[in-house]
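> My questions concern the predicted model and sequence given below.
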Amino acid sequence: MMRYLIPAAYRFRRIVGVTAALCLLLLLSGEAAAARGARLVALGPTEPAGPQRMYLPLVARDDPMRTNRLCRFGVGASSDITRYPVNQLRIGWYTDWGTALQPLRPGGVEYLQMIRLSQVGHETYTSTPQGADLLAIIAANPGALWVVGNEPDRRKWQDSLEPAIYTRAYHDLYSQIKAADPTARLVAGSIVQPTPLRLQYLDMILDSYRSLYGEPMPVDVWNIHAFILNERSCTYFPEDCWGAEVPPGISAPEGMRYGIQDNDSMAIFKQFIVSFRQWMADRGYQDRPLIITEYGVLMPQDYGFSPARVNAYMNATFDYLSIAAGPTGYPADKDRLVQAWAWYSLADSSFNGWLYDAQTGTRTVFGDNFSAYTAAVPPSINLTPVKLRVEPVAGARPDQMVTLVAQVANNGNVAMSRASYVRFYAGDPAHGGTLIGADQTLPVLDGCGNTAQVAIIWSNAPSGPATVWIVVDPFNVITESDESDNQLATDITVSP
């Protein structure tokens, strides 16, 4: 996972035992620790340095369990995931903060590739993996989802890159991966939390990209972490800088001042999601998915975060993320704000909320809660046409031949069980519309707003305005949660 600065009392408890820690907690409990200037220390394992046309969810398309796994639910797993019966959780994907040539995929669960970065001096960077090792992984995992960097906004403990350096790293890796596999999808972000200070950090990256390369930064998927942590510079406040610090390249002494007891605040969590989606929309990325690759409760039980409190937060976030939608949401996913999320963690007991005991492999009270929640989630498939575009056919007059390209989504929470079809009509099919060409195959789609493009050539297209209708799954071969949104009418103009 990540290293964070947390109150010294927690580390002291883990080193010398509960009795001594309790004595210290009499002086440094909860938010009083920060108020009294408690020294804060680093704790937690460093994440290891270290795929599918980007489909969300990240679910392999060749296993029999795919229609039972919930694409929206994932976990952070820094140890061998095969040691744990993760099929009990119905997760669709996981991350271990690295890359793998042959990822472990128990039950077909999908693996998220992540390239780790490190700044060298003030002008360059290194990445892991790179060269032949990276090319081999790309070749072995076509269509993978690639996260570029982990918490580049986290000083010292994580990838820690100044905005301009992250820009160069992202550009270089985007170009290299896309050249080797055009179906790969690149993921940017991975900031600790979407606070104003960290959105400023991302804005500096976008500005730097446009300045260096003369175009907007190409991002297939945006990614955040959603922890709730204090933001204070250790340079300015060496005795009181617990939390997420201040991003590299920003000289502000502090950002958001969150207290320890805010670590499970639903109000702050919701504001994070809404704010980041607004940020995406304002910068032209509304039509991109958003995933959360890490979030949870980091504060220990000693600080008042009992198992019941952690589980209540888990349930509340699951409830919210499952339905949260709005005008800035992802159109292919019924305007939902977030497409997939990963709870931290699978088995790291250094922080709160771990789902399995690392020694025995058995579920904890947190794992029981996670499993009970997902067990009650009904599987759903919902196919809907999202948009239509018209392209000319090379060498043909527009009034002779055009290509109609439909984007079709599955915004349910599991994969389709089989392929289906798409029909194109000139005019309303229920009122005399004319079928355009033959039925086109819609490939098997995973859920969570995963999309596919279906195209047909319209021969002898009449010049002038026309209304084209798209009808998805016309024979009802797929059982859907909502059969009312399988059609889309789009007004077009065929230029003479």
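Okay, I see it.
> Okay, and Asn223 sits in which element?
Assessed by DSSP states H and E, Asn223 sits inside strand 221-225.
> List the pairing partners of that strand within its sheet, with orientation.
Strand 221-225 has its sheet partners listed here by DSSP bridges as strand 185-191 (parallel), strand 290-295 (parallel).
> Can you show me the CA trace of that strand as PDB?
Extracted in PDB, the C-alpha atoms of strand 221-225 (Å, rounded to 0.1, in the frame of the first residue of the first chain):
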ATOM      1  CA  VAL A 221      -9.100   6.600 -17.500                       C
ATOM      2  CA  TRP A 222      -8.600   8.800 -14.500                       C
ATOM      3  CA  ASN A 223      -7.700   7.400 -11.100                       C
ATOM      4  CA  ILE A 224      -7.700   8.700  -7.600                       C
ATOM      5  CA  HIS A 225      -7.200   7.400  -4.100                       C
END
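> before we move on, could you check phi and psi at Glu467?
Just to correct that, residue 467 is Thr rather than Glu. Main-chain dihedrals, Thr467, degrees, to the nearest 10: phi -120, psi 120.
> Tell me how far it lies from Val393.
20 Å (CB to CB, to the nearest Å). Bear in mind the C-beta positions are built from the backbone N, C-alpha and C, glycine included.
> again, but for Phe475
Relative to Val393, Phe475 is positioned 28 Å away (CB to CB).
> what about these two, which has more around it?
Ranked by neighbour count (other CB atoms under 10 Å), Phe475 and Val393 place Val393 first, with 15 against 9.
> Which pLDDT does the model give the more buried one?
Val393 is assigned 76 on the pLDDT scale.
> The strand holding Asn223: how far from the chain's middle?
5 Å (CA atoms, centre = their mean, to the nearest Å).
> Identify the residues contacting it?
Residues from elsewhere that reach strand 221-225, judged by CB atoms under 8 Å, 6 or more residues apart in numbering: 2, 54, 56, 145, 147, 151, 185-194, 272, 276, 280, 285, 288-295.
> next helix or strand past it?
Once the chain leaves strand 221-225, the next helix or strand it forms, by DSSP H and E, is helix 266-282.
> how far does that next one sit from the chain's center?
On CA atoms, centre = their mean, the centre of helix 266-282 falls 14 Å from that of its chain.
> ok, now stretch 153-171?
19 Å.
> Return the set of buried residues in it.
Of all the residues in stretch 153-171, those buried under the rule 16 or more other CB atoms under 10 Å are 153-155, 157-171.
> Got the domain ranges for the chain?
4-375, 383-494 (automatic domain parsing).
> Point out the most buried one among the ones you listed.
Scoring these by mean neighbour count under mean count of other CB atoms under 10 Å gives domain 4-375 as the most buried, with a mean of 19.
> Low-confidence stretches in the chain?
1-66, 394-400, 496 (pLDDT under 70).
> Find the centremost residue of it, please.
Ile291 (1.8 Å; CA atoms, centre = their mean).
> So for that one, what's the nearest residue that isn't a sequence neighbour?
Ala340 (4.7 Å; CB to CB, 6 or more residues apart in numbering).
> That neighbour against Leu70, yeah?
No: with contact defined as CB atoms under 8 Å, Ala340 does not count as touching Leu70 (9.3 Å).
> hang on, the earlier thing: who are the contact partners of the residue nearest to the centre of the chain?
Going by CB under 8 Å, 6+ apart, the list of residues near Ile291 reads 56, 187, 221-223, 338-342.
> Name the nearest of those relative to Val444.
Leu56 (14.5 Å; CB to CB).
> Okay, and the beta partners of the residue nearest to the centre of the chain?
Beta-bridge partners, per DSSP bridges, of Ile291: Asn223, Ala340.
> Pull up the gap between it and Asp153, please.
Distance from Ile291 to Asp153, by CB to CB: 17 Å.
> which phi and psi does Ser127 have?
phi -130, psi 150.
> wait, it sits on Gln119?
No: with contact defined as CB under 8 Å, Ser127 does not count as touching Gln119 (10.8 Å).
> hey, where'd the strands end up in the stretch 101-250 of the chain?
Using DSSP state E, counting those that start in this stretch, the strands found in the stretch 101-250 of the chain span residues 110-120, 124-128, 145-148, 185-191, 221-225.
> same deal with the stretch 351-496 of the chain?
So, for the stretch 351-496 of the chain - with DSSP E, counting those that start in this stretch - the strands run 383-392, 401-410, 420-426, 434-435, 440-442, 450-459, 464-472, 487-494.
> The third one - contacts with which helices or strands?
Which is strand 420-426. strand 401-410, strand 434-435, strand 440-442, strand 450-459, strand 464-472 (3 or more CB pairs under 8 Å, 6 or more residues apart in numbering; DSSP states H and E).
> And Tyr94, which helix or strand is it part of?
Here Tyr94 is assigned to strand 91-95, by DSSP H and E.
> Given that strand, what are its sheet partners and their directions?
strand 70-76 (parallel), strand 110-120 (parallel).
> Reformat those as CSV; add distance to Gly447.
CSV is the format used below for the strands paired with strand 91-95 (distance: least, CB to CB, whole Å):
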stretch, distance to Gly447
strand 70-76, 5
strand 110-120, 12
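> nearest to Ala376, of these?
Nearest of these (CB to CB): strand 70-76, 10.9 Å.
> Tell me what angle the closest one forms with strand 401-410.
Interaxial angle, strand 70-76 versus strand 401-410 (axes from the mean of the first three to the mean of the last three CA atoms, to 10 degrees): 60 degrees.
> quick thing: my sequence starts at 20, can you match it?
Renumbered: residue one is now 20, and that last one reads strand 89-95.
> I'd like the distance from strand 89-95 to the chain centre, please.
10 Å.
> Now Tyr189: closest residue in space that isn't a chain neighbour?
Using CB to CB, 6+ apart, the closest residue to Tyr189 is Val167 (5.0 Å).
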